[in-house]
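> From the sequence below, what's the structure:
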Amino acid sequence: MKRLLGLELERALYFRPEYKARSQQTKPLGLPTHAVIQSLWQNLTERGWKPSRDLVTHITTRVWKEYSTDHGVFPFWSCYTDFLTGTLETTLAPSLKIQELKIQQNTLDGELLDVLRKFELFILHFGTFPLHNLSKEEFYRHYVYWIGGNQLLFDRGMNVENFGTLLASQPSISLAIDEAIVFFRIIQRIAGISIILSRFESISNQHVTAQNLLSLRVRVMTNLWNRSPYLLDRNRAGMLPEEICGWHDYFAYLMRFPLLGVGDGWMRKRLRVSGDPTFFDYWKNTPPIGWNATFPDGRLVRIKKARFSDLAGLQNQIQISRLRWTFKDDVTLNAFGDAFEADNSTLVQWLNDNIKSLYIEIRNDSCSIPGQEFSLLAFYLGLLYNLDESYRFIVGNRNYRFWKNLYQIADKCAVDIKIDEEWLPDIIGKLISISSTGLAKRKYEEERYLDPLIDRLHRFSSPAQEAKNLFTKFKRTSDSLNAIIYTYGIF
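Numbering: from 1, shown residues only. Sure thing, here's the model as predicted:
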């Protein structure tokens, strides 16, 4: 198969230290306001980018530009701001090689920086907001008010303000049906390893992160849904409480949650179904008069029966690393139901016949250091190309509890420690070696992208520890902030 790779990268936008056009709402090292972001998007549309608008508020939330590759023309690049202030999220066009993605990222950043300089903004690579963060009031004003669909998440009990503290790197890799669950199990198990290798959240809001944490990811994901009235919602994020071992298990896992919403697309087009039924109840136990549902803008509608697009939308119900798919146009919910109720092998065959594309979106990683954006993608890709050895080492030789224990301490543990009597550097070293062997099979000389990970392992360090050392090196806060800005910022 032609295996396509992708990367979605989240970084912080700040006004430059020498920013001059200050007002009551803007200042040097401050976050851009909603008005500034809208002006930025307008400037990009004048350069050929296309706008996407929120269906409720009609403001521009995303801009995108067609990018031609050998695999077709994609509606990428894409630039998005999660909260319309502070976060710049960019998505690259799928490519066969990491080097192609690297060229894309450099070209995209160059085009963005041409515009950002006009607004005296710069891009900062970091796992959280080290210079200035939104207050809780600012956060809800931007995240909930300006993007209508996000109100649904807030009303359902998601701690959106905690989720907004994280800036992530999200690699993606296309998969075959038969290998997908095996690789999903591997990615789930090594979530703690991913955090240790990428953690980059040691400075927040001009201070060392509370409790000297090196990563906020474990804490945020553990508490992401603790405000929800439904206990099952806690299993939408973090490591799964129990391991999934087949496609039937995967769909059963998705269908048991109280629905966040149904409909095409993500939250902008979602309907909240009255009573928050599970997908299975929504599908199989429709009331005689249908389901009452609400649009994000408050409009009421009645749904007579579940549609296949509602099943396709299940992939957005969770915040862990997840499988993403596109079904063929003529697929029906009843046909899926027959395959699902048969057995796992029948379901696998049905998926092989009816899924057009499938990829895994890996959501364990913090934002990367500039120039090292593709190290973790290379790491995962190598494990996939050496799948048998990866499976033996990660799944065959250690139980799920071992990896869960590692995940629970990944936000603060040193690299040179023992886990259940095993030396952690040896485990990480073995995984990098397995990955390097896998990358060598691709014959693109992609093993070099693992060098930053090898260097961190040799020094028992991480980006978070290096940033913390840099920040605490100076007596004056201004000097500490400048060290962070000019080490991890791009101008």
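> Against the centre of this structure, work out the most remote residue.
In the chain, counting by C-alpha atoms, centre = their mean, P288 sits farthest out from the average C-alpha position, at 39.1 Å.
> Rounded mean pLDDT for the strand or helix carrying D249, please.
Under the criterion of DSSP states H and E, D249 resides in helix 247-255. Computed over helix 247-255, the mean pLDDT rounds to 94.
> partner strands of the helix or strand following it, parallel or antiparallel?
Next along the chain after helix 247-255, taking DSSP H and E as the criterion, comes strand 272-273. Paired strands of strand 272-273, with direction, are strand 291-294 (antiparallel) (DSSP bridges).
> Name the residues that touch the strand it pairs with?
262, 271-274, 277, 282, 300-303 (C-beta atoms under 8 Å, 6 or more residues apart in numbering). To be clear about C-beta, it is placed using only N, CA and C from the backbone, and glycine gets the same treatment.
> Can you spell out which helices and strands pack onto the very next helix or strand once past that strand?
Later in the chain than strand 291-294, the nearest helix or strand by DSSP H and E is strand 300-303. In terms of contacts (3 or more C-beta pairs under 8 Å, 6 or more residues apart in numbering; DSSP states H and E), strand 300-303 is packed against strand 291-294.
> secondary structure element for S478?
Going by DSSP H and E, S478 is in helix 477-488.
> From L232, how far off is the residue nearest to D233 when sequence neighbours are not counted?
Closest residue in space to D233, ignoring its immediate chain neighbours: W225 at 3.9 Å, by C-beta to C-beta, 6 or more residues apart in numbering. According to C-beta to C-beta, to the nearest Å, W225 stands 9 Å off from L232.
> Same question for I181.
Using C-beta to C-beta, one gets 21 Å for the distance from I181 to L232.
> do the same with S78
Plainly put, S78 is 32 Å away from L232 if you go by C-beta to C-beta.
> Contacts only, for G382.
Residues near G382 by C-beta under 8 Å, 6+ apart: 434-439, 446-447, 450.
> Sticking with R62, tell me its helix or strand.
Using DSSP H and E, R62 sits in strand 60-64.
> Which other helices and strands does that strand contact?
The contact analysis (3+ C-beta pairs under 8 Å, 6+ apart) places strand 60-64 against helix 34-45, strand 50-53, strand 78-80.
> what's K418 sitting at in phi/psi?
Note on K418: backbone dihedrals following degrees, to the nearest 10 are phi -110, psi 140.
> May I see the buried residues of stretch 400-413?
Under the neighbour-count criterion of 16 or more other C-beta atoms under 10 Å, stretch 400-413 has 400, 402-404, 406-407, 409-411, 413 buried.
> likewise stretch 117-133?
Buried, per 16+ other C-beta under 10 Å, within stretch 117-133: 119-133.
> Then stretch 455-475?
The neighbour-count check on stretch 455-475 (16+ other C-beta under 10 Å) flags 456-457, 462-468, 470-471 as buried.
> what packs against the strand ranked longest in the chain?
As assigned by DSSP state E, the longest strand anywhere in the chain is strand 5-15. Strand 5-15 sits against strand 87-91, helix 98-116, strand 121-124, strand 168-174, helix 375-385, with contacts defined as 3+ C-beta pairs under 8 Å, 6+ apart.
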